[in-house]
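Peer 1: Okay, predicted coordinates and the sequence, questions at the end:
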Amino acid sequence: MHPVHPMVVHFPIALLLASVLFDGLALRWRREQFRDTSLSLLVLGVLAAGVAVLTGHFAEEAIEHSGISKDAIELHEELGFAVFWVFLGLVGLRLAMKWGWVKEQPLLVLAAGLAGGLLMLVASYFGGDLVYRFGAGVLPR
């Protein structure tokens, strides 16, 4: 199978981190445009993260019998799922705020985004570890 997972993971990383950046800008300058841009990036990032999780599942099946540590694979997978659920929850919170169901909590949104971003960077580190330390998806010479 072609390694699609490494190609698509960059989209949620960029979109979700950009969303957090725009939340920070919205907090500083209190501009509705920054909040709207952040929400749009967040929704796109969660959709892209769903694709990354799906392609990661297929990548796991492809390397399952390659002798790579199952613990290392599971750690990366669990962290990836956690990132997806944190940001999906943030989408729900943001939409509830936008629709007036919940009072605006910009510091909570920023804190959740920063926590999700940190978790995503940890998941990315362990994904890189699978490739560079264990050789996941790397063809033998």
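Peer 2: Thanks, I have the structure now.

Peer 1: Every contact and neighbour count from this point should use C-alpha atoms.
Peer 2: OK.

Peer 1: distance between the helix or strand encompassing residue 62 and the chain's centre?
Peer 2: Taking DSSP states H and E as the definition, residue 62 sits inside helix 32-63. Centre-to-centre, helix 32-63 and its host chain are 6 Å apart (C-alpha atoms, centre = their mean, to the nearest Å).

Peer 1: in that helix, what's buried?
Peer 2: Under the neighbour-count criterion of 16 or more other C-alpha atoms under 10 Å, helix 32-63 has 34-36, 38-39, 41-53, 55-56, 58-60, 63 buried.

Peer 1: for stretch 99-111, same thing?
Peer 2: Those would be 106, 109-110, for stretch 99-111 by 16+ other C-alpha under 10 Å.

Peer 1: what does stretch 107-125 give?
Peer 2: 109-110, 112-117, 119-124.

Peer 1: nearest to residue 74, of those residues?
Peer 2: Distances from residue 74 to those, taken as C-alpha to C-alpha, are shortest for residue 123 (10.9 Å).

Peer 1: residues in contact with the closest one?
Peer 2: 76, 79-80, 83 (C-alpha atoms under 8 Å, 6 or more residues apart in numbering).

Peer 1: Repeat the analysis, applying 6 Å as the threshold.
Peer 2: Listed by C-alpha atoms under 6 Å, 6 or more residues apart in numbering, the contact set of residue 123 reads 76, 79-80.

Peer 1: So, low pLDDT: which residues of this protein?
Peer 2: Along the chain, the model assigns pLDDT under 70 to residues 1-2, 137-141.

Peer 1: give me that answer again for 90
Peer 2: Scanning the chain for pLDDT under 90 picks out 1-7, 27-32, 56-73, 104, 128-141.

Peer 1: where exactly do the strands run in it?
Peer 2: Read by DSSP state E, the chain holds no strands at all.

Peer 1: those helices in it, which residues are they?
Peer 2: Counting by DSSP state H, the chain has helices at residues 5-8, 10-29, 32-63, 70-98, 106-132.
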